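Enquirer: Sequence and predicted model, in that order:
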Amino acid sequence: MKAGLPIGIGVGIAIGVALGLALDNLALGLALGVAIGAGSGVAMMGAGAAAEKNKKRDRATDGGDGGIVPIGSSSKGSKSEGSDDSDGSSDGDGGGGDGGGGGD
């Protein structure tokens, strides 16, 4: 959403006018309304930008030529040495210690 700040300030002013009339101090209500509205408007702008960024990333990974490789994966089909198989078994290179217990 590109209009996050104006919408936030508009809603904030409306809430501020109501608050100012209820408290019989319109100046304080307007000031609080503008501050709250600006803060929520900036938050809406940030959320909208993050959503658009995610949409662009999702469009880039849906089909296409496969140019983007997600972090943690390889562009090659082979596995790295010491990795676990997909069935949950290990290849035995994981280390682990001597297996001995405590004692007296």
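Expert: Good, I have the coordinates.
Enquirer: buried stuff in stretch 40-59?
Expert: With burial defined by 16 or more other CB atoms under 10 Å, the residues of stretch 40-59 counted as buried are Ser40, Gly41, Met44, Met45. Backbone N, C-alpha and C define where each C-beta goes, glycine included.
Enquirer: name the element the last one belongs to?
Expert: The secondary structure element spanning Met45 is helix 26-61 (assigned by DSSP states H and E).
Enquirer: Return the per-residue confidence for Ile71.
Expert: At Ile71, the pLDDT value in this model is 76.
Enquirer: Distance check, it against Ala50.
Expert: Distance of Ile71 to Ala50, given as CB to CB, to the nearest Å: 18 Å.
Enquirer: and what of Gly10?
Expert: The gap separating Gly10 from Ala50 is 22 Å, by CB to CB.
Enquirer: and if you look at Val42?
Expert: 13 Å.
Enquirer: same deal with Ala18?
Expert: To Ala50, Ala18 is 31 Å away according to CB to CB.
Enquirer: quick one: low-confidence parts of this protein?
Expert: Across the chain, the ranges flagged by pLDDT under 70 are 1, 62-70, 73-104.
Enquirer: how about a cut-off of 80?
Expert: By pLDDT under 80, the low-scoring segments of the chain are 1-3, 58-104.
Enquirer: Now the buried residues of stretch 40-59 in TSV, please, with extra columns for distance to Pro6.
Expert: Listed next are the buried residues of stretch 40-59 as TSV, based on distance: CB to CB, whole Å:
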residue	distance to Pro6
Ser40	12
Gly41	7
Met44	10
Met45	10
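Enquirer: tell me which of those is nearest to Ala60?
Expert: Set against Ala60, the nearest of the buried residues of stretch 40-59 by CB to CB is Met45 (22.8 Å).
Enquirer: contacting residues for the spatially closest residue to that closest one that is not a sequence neighbour?
Expert: Take Met45 and drop its neighbours on the chain: the residue closest to it by CB to CB, 6 or more residues apart in numbering is Gly4, 3.8 Å away. By CB atoms under 8 Å, 6 or more residues apart in numbering, the contact set of Gly4 is Gly41, Val42, Ala43, Met44, Met45, Gly46, Ala47, Gly48.
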